[in-house]
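# Kindly return the folded structure for what I paste below:
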Amino acid sequence: MDLFLIIALLVIVSALYSYINARFLKLPGTIGIMALAIIGSILTIAVDSLDPKIARYLTLLAKNINFSTTVLNIMLGFLLFASAFNLNVRKLKREMRPVLILSTLGVILSTAIFGTLLYYVAGFIDIKIPYIYCLLFGALVSPTDPVAVGAIIRGSKLPSNLETIISGESLFNDGIGLVLFITLLEITHTGAANIDFAKAVMMFVQEVFGGLALGAVTGFLAYRLMLSVNDFQTIVLVSLALVMINSVVAEMLHLSIPLSVVTAGLLAGGRSINADNKEHSHEALEKFWGLIDEMLNTMLIVMIGLQMVNLPYIKNYYLTGAIGIVVILIARWLSIALPLTFLRRSLNVSYSNVNILTWAGVRGGITIALALALPASPYRHFILSGSYFIVIFSIIVQGLTLNRVINASYRSK
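Here you go, the predicted model:
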């Protein structure tokens, strides 16, 4: 299918779903569009089985989009930069300790707990899956998705400090999650006995600290460039170039693209570029990136829904999908509660907040993209289907009930 036709169809479908939700359903944007995308995909599959000609374009759209490449290499950088650029840096500094704990130790704990629980539960119901693949599944679903999280909590009643912690964690935990995923994937190929742990540590250092350094340098330079000019069009182009430079250079040097663009976004957006002769430039740039964030997020949710057309085997995994949902909620809860038990004074988070932090940990497009990137194996469909169920539950159910969980948590104090 022609590239322009793919883009045109994606924009048209996104606009249609967005309009139907805004005009009739009136649900929070991400939740309503996800529901419509799932319904649209189910109808496409049904119509395609009756008359392929009628569902031809939606089927072709679903099958011609390389979801993993599109999300991880193209959309992710812009979405993360937009979220980081509009994040309140002063609030983030105040909550940096819990953000760093949850985005590093929390992800590792969640991966280990999820993998261990899933292995024993699956064995109990006679599903045979190696422990290493259970851990790999855990690495996919443990990092929270900054795009989905931002869209869900935007309309919630979260206290300011928790909103900052959840947003900051979701921006930074992709780095450790991706490194865990790559390391565990390598173990599935070579075996734990043959893995070079020194090389794995060096890869972690290169990915994480190299990405942070690249983002810091380019973000500071872009900020100085935007501060030195008055033309708003030039300022916008510099900010767009900043995302693209970080994405391209980070990929070439094998650095973490998420950490690079997040750092660049925080540095470029953390200080105002306003001056006497351009009073509202920074506010206008924030609105520009807010618009980019919302449009790309809508298209990403539509793409997630369309993937159902490519997963005809998903109907065979309802039980494992339900198990995965329960296990990831338990793993998320424990990965927050355990650090809080030992580091309560330094984290400035109370036990009454654990349920809120657990329920607000939403998964999204990054989880699906990594699952689709898995090479062929006897366990690929198991992991991919489970990831899809977790993402749908996460966005729709957790998103719709987050305010109820917040209210219940504060009533119980």
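
# Residue ranges in the protein under the pLDDT threshold?
1, 192-195, 275-279, 344-348, 412-413 (pLDDT under 70).

# Strands along that one, start to end?
Shown for the chain, no strands are assigned by DSSP state E.

# Going along the chain, name the helices of the stretch 151-300 of the chain.
160-190, 197-227, 232-252, 257-269, 281-306 (DSSP state H, counting those that start in this stretch).

# Now mean neighbour count and distance to I390 too, for those helices, in a markdown table please.
From N, CA and C alone the C-beta is placed, and that goes for glycine too. Below are the helices of the stretch 151-300 of the chain laid out as a markdown table (neighbours: other C-beta atoms under 10 Å; distance: least, C-beta to C-beta, whole Å):
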| stretch | mean neighbour count | distance to I390 |
| --- | --- | --- |
| helix 160-190 | 22 | 14 |
| helix 197-227 | 17 | 25 |
| helix 232-252 | 18 | 27 |
| helix 257-269 | 28 | 20 |
| helix 281-306 | 20 | 12 |
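
# And stretch 64-74, what's buried?
I65, F67, S68, T70, V71, L72 (16 or more other C-beta atoms under 10 Å).

# out of the residues you listed, which one sits closest to P146?
V71 (12.3 Å; C-beta to C-beta).

# what's that closest one in contact with, if anything?
Shown in contact with V71 (C-beta atoms under 8 Å, 6 or more residues apart in numbering): L300, M303, G365, I366, I368, A369.

# One more: L372?
By C-beta under 8 Å, 6+ apart, the residues touching L372 are F67, S68, Q307, L384.

# cool, and S110?
S110 touches G138, S142, I328, A331, R332, L334, S335, counting by C-beta under 8 Å, 6+ apart.

# again, but for A151
P28, G29, T30, N297.

# 6 Å instead, please
Residues in contact with A151 (C-beta atoms under 6 Å, 6 or more residues apart in numbering) are T30, N297.

# you'd agree N21 is up against T30?
No: applying C-beta atoms under 6 Å, one finds N21 not in contact with T30, separated by 9.6 Å.

# neighbour-wise, which of those two wins?
Neighbours per residue, other C-beta atoms under 10 Å: of N21 and T30, the larger number sits with T30, 27 against 21.

# Pull the number of nearby residues for I368.
Neighbour tally, I368, other C-beta under 10 Å: 26.

# same question, P159
By other C-beta under 10 Å, neighbour count at P159 equals 13.

# quick one, what contacts it?
If you count contacts by C-beta under 6 Å, 6+ apart, P159 has none.

# What are the phi and psi values at it?
phi -60, psi 150 (degrees, to the nearest 10).

# Please report how far it lies from L92.
15 Å (C-beta to C-beta, to the nearest Å).

# Identify the residue nearest T30 in space, chain neighbours excluded?
In space, and not counting its chain neighbours, T30 is closest to A151: 3.8 Å by C-beta to C-beta, 6 or more residues apart in numbering.

# distance of the nearest residue to F232 once chain neighbours are set aside from R332?
Of all residues not flanking F232 in the chain, S281 sits nearest, at 5.9 Å (C-beta to C-beta, 6+ apart). Using C-beta to C-beta, S281 is found at 40 Å from R332.
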